[in-house]
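S.K.: Let's see this in three dimensions:
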Amino acid sequence: MKKLILLFTLWIISNSVFAQDKDTIYINIEPPTTKRLILYQPEGGKQKFVGYQDTTDGKFKLPIPKTQRKGIYRLVYNEQTMDYLDFLYLGECLTFSFNPENPSENPSFIDSKENTQYYAALSKIFTYMQRLDSIQVSYFQVDDTTNLEALEKEYTAIKKEMDSYLQVFGKTAMNPIVKDLVMAQVSPKPKTLIRDPQDYLPFVKEHYFDNLIFSNKNLQNSSILVDMVLDYVFYLTVAQDSKTQNKLYQDAVDNVMEKMGDISFKANIIESLIRSFAREENITLTDYLFDTYYKNLDVAYQDQIFSQKISEELKTAIGRKAANFPLETEGESQDLYSLEGFNQYIIVFWSSSCPHCLKEIPKFRDYIKDKEDVKVIAIGLETEESKAKWKSETYYYPEFEHVLGLGKWENTIAQDYNTHATPNYFILNADKIIVSKPYDIEELKEFYELRAVESEPEKE
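M.R.: Prediction:
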């Protein structure tokens, strides 16, 4: 009996301690269209997973350890589109509601004056900035003196009102975190309107980082710095041709790197930029970031798994030289690189056990048969059991160069080309550089149709 009482007492104590070690975030979503919420904590330029909850009635209760750092948190409510809502956790329970179908509407906080102030301040400031931007655009377009003077007067009045609001807010912000996060999102505006659009972009670039303090821990442990850096690199650098565009990207990256002091945070920013350029398969900038900045970091700040993953993803990027592999020719040693005499080469991965391949490859053959400057290398991803069937299928395509890829997805060639499905196409130029990766036969046709249009002589 005494033992049972002791165990019961210990259970009460342990549950009491457990409860004291956690706070709860109560969230009401109306309408209840969201079934899952995922909670992340921005940390040094990265997103740290905290927890998640599923429900069907739009009412969520997310526990959060009291040991979690105070600051901004990110609540993802749509995993497909990565729609999110940010809020402040300041070491105590929190209750709020929001409408996922109207993201412009501020969430309603029941018991957090700091969050209410944060969102109210952002709404006020964003409204000011949108009005100033609208006036600036009109100023570019208007010619008559009367309207110009009216716009100047309106701009001056709103700018003065915004500056006054920011001054008061800086003194009355309830929490240093609120103040830092809000002030960092204020885009600097010129004192007076700029007449020539050609002079406006240089002003924006010159003053873009005026309110961003990269050494500020509250900003480092938010998504603001990363988001602002990505916007600066990708949206303030626009050119007509890829060579000029990449030069602008490099200049923007160099400018950002000059502002980095904290090595750990700098490493995370570099990784974010590498990921962004890798998604666009921009191997020029990805290589530039690796060679110029990432590899020059102290080894402790280099993530070899990250480097290897990006390298794997980009080995078949457009612009890369295709991986070499041997060809099964009789009587002589030959490989992809030794093939000559064609303007283009198409590598197609297929399988005799793939029903879709057996339907599509004949259509591919019929489409490509009249293109005499194109050589097809067909790689059959097979098992020992399907090898005989593959061999018999190859006789239908005598014009193809056939390669047997035993092991299917584990085959070395398949791995070198990141192939995980069939059919899979790669179009190479005469130098074996990857120029296109059509998803299917229709995209392959689009590639050649566009190429035909581009090669047509201009009509006088």
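
S.K.: okay, CA-based contacts and neighbour counts for the rest of this
M.R.: Noted.

S.K.: quick one: contacts of the host helix or strand of residue 366?
M.R.: Using DSSP states H and E, residue 366 maps to helix 355-368. Residues from elsewhere that reach helix 355-368, judged by Cα atoms under 8 Å, 6 or more residues apart in numbering: 350-352, 374, 397, 422-423, 441.

S.K.: Tell me the most packed of those, by neighbour count.
M.R.: Within these, most neighbours by other Cα atoms under 10 Å means residue 351, with 27 neighbours.

S.K.: And the helix holding residue 366, what's buried?
M.R.: By 16 or more other Cα atoms under 10 Å, the buried positions in helix 355-368 come out as 357, 361, 364, 368.

S.K.: my guess is residue 319 meets residue 434, correct?
M.R.: Yes. In this structure, residue 319 is within contact of residue 434 by Cα atoms under 8 Å, at 5.5 Å.

S.K.: Just want to know which of these two has more residues nearby.
M.R.: For residue 319 and residue 434, the more surrounded residue by other Cα under 10 Å is residue 434, and the numbers stand at 23 against 19.

S.K.: Tell me if the more buried one really is in a strand.
M.R.: Yes. Assessed with DSSP: H, G, I helix; E, B strand; the rest coil, residue 434 lies in a strand.

S.K.: And the pLDDT at the nearest residue to it once chain neighbours are set aside?
M.R.: Nearest residue to residue 434, sequence neighbours excluded (Cα to Cα, 6 or more residues apart in numbering): residue 428, at 4.4 Å. Looking at residue 428, its pLDDT stands at 97.

S.K.: list the buried ones in the helix or strand harbouring residue 428?
M.R.: Using DSSP H and E, residue 428 falls within strand 424-429. By 16+ other Cα under 10 Å, the buried positions in strand 424-429 come out as 424-429.

S.K.: Dump the residues you listed to TSV, plus distance to residue 57.
M.R.: As requested, those are exported to TSV (distance: Cα to Cα, whole Å):
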residue	distance to residue 57
424	43
425	46
426	47
427	50
428	53
429	56
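
S.K.: So in that sheet, which strands flank the helix or strand hosting residue 26, and in what orientation?
M.R.: Following DSSP H and E, one finds residue 26 within strand 22-29. Strands that pair with strand 22-29, judged by DSSP bridges, come out as strand 59-65 (antiparallel), strand 94-98 (parallel).

S.K.: Let me know which of those strands is the nearest to residue 198.
M.R.: For the strands paired with strand 22-29, the distance to residue 198 is smallest for strand 94-98, at 41.1 Å, taking Cα to Cα.

S.K.: and the helix or strand that the closest one is followed by, what other elements does it pack with?
M.R.: Going down the chain from strand 94-98, the next helix or strand is strand 108-109, by DSSP H and E. Contact partners of strand 108-109 among helices and strands, from 3 or more Cα pairs under 8 Å, 6 or more residues apart in numbering; DSSP states H and E: strand 94-98, helix 113-141.

S.K.: can the ones you listed go into CSV with extra columns for distance to residue 327 and mean neighbour count?
M.R.: Putting the helices and strands packed on strand 108-109 into CSV (distance: least, Cα to Cα, whole Å; neighbours: other Cα atoms under 10 Å) gives the following:
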stretch, distance to residue 327, mean neighbour count
strand 94-98, 61, 18
helix 113-141, 61, 17
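
S.K.: closest to residue 234 out of these?
M.R.: Ranking these by distance to residue 234, with Cα to Cα as the measure, places helix 113-141 first at 19.9 Å.

S.K.: next one: the closest one to chain centre, how far?
M.R.: Taking Cα atoms, centre = their mean, to the nearest Å, the mean C-alpha location of helix 113-141 is offset from the chain mean by 26 Å.

S.K.: And the average pLDDT for it is what?
M.R.: pLDDT averaged over helix 113-141 gives 96.

S.K.: can you give me the angle the helix holding residue 366 makes with strand 424-429?
M.R.: Helix 355-368 runs at 30 degrees relative to strand 424-429, counting by axes from the mean of the first three to the mean of the last three Cα atoms, to 10 degrees.

S.K.: follow-up on the earlier one: in PDB, list the C-alpha atoms belonging to the strand holding residue 26.
M.R.: In PDB, the C-alpha atoms belonging to strand 22-29 read as follows (Å, rounded to 0.1, in the frame of the first residue of the first chain):
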ATOM      1  CA  LYS A  22       5.900  23.800 -20.900                       C
ATOM      2  CA  ASP A  23       3.600  26.600 -22.100                       C
ATOM      3  CA  THR A  24       0.800  26.200 -24.500                       C
ATOM      4  CA  ILE A  25       0.000  28.100 -27.700                       C
ATOM      5  CA  TYR A  26      -3.800  28.100 -28.200                       C
ATOM      6  CA  ILE A  27      -4.700  28.800 -31.800                       C
ATOM      7  CA  ASN A  28      -8.200  29.100 -33.400                       C
ATOM      8  CA  ILE A  29      -8.400  29.000 -37.200                       C
END
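
S.K.: what does it rub up against?
M.R.: Applying Cα under 8 Å, 6+ apart, the contact partners of strand 22-29 are 58-66, 91-100.

S.K.: if I've got this straight, residue 239 is in a helix?
M.R.: No. Counting by three-state DSSP, residue 239 is not part of a helix but coil.

S.K.: And for it, the neighbour number?
M.R.: By other Cα under 10 Å, neighbour count at residue 239 equals 13.

S.K.: Walk me through the domains of this protein.
M.R.: Domain assignment for the chain by automatic domain parsing gives 21-106, 115-314, 326-455.

S.K.: Which strands or helices does the helix or strand residue 87 falls within pack on?
M.R.: In the assignment (DSSP H and E), residue 87 maps to strand 83-89. The contact analysis (3+ Cα pairs under 8 Å, 6+ apart) places strand 83-89 against strand 71-78, helix 113-141.
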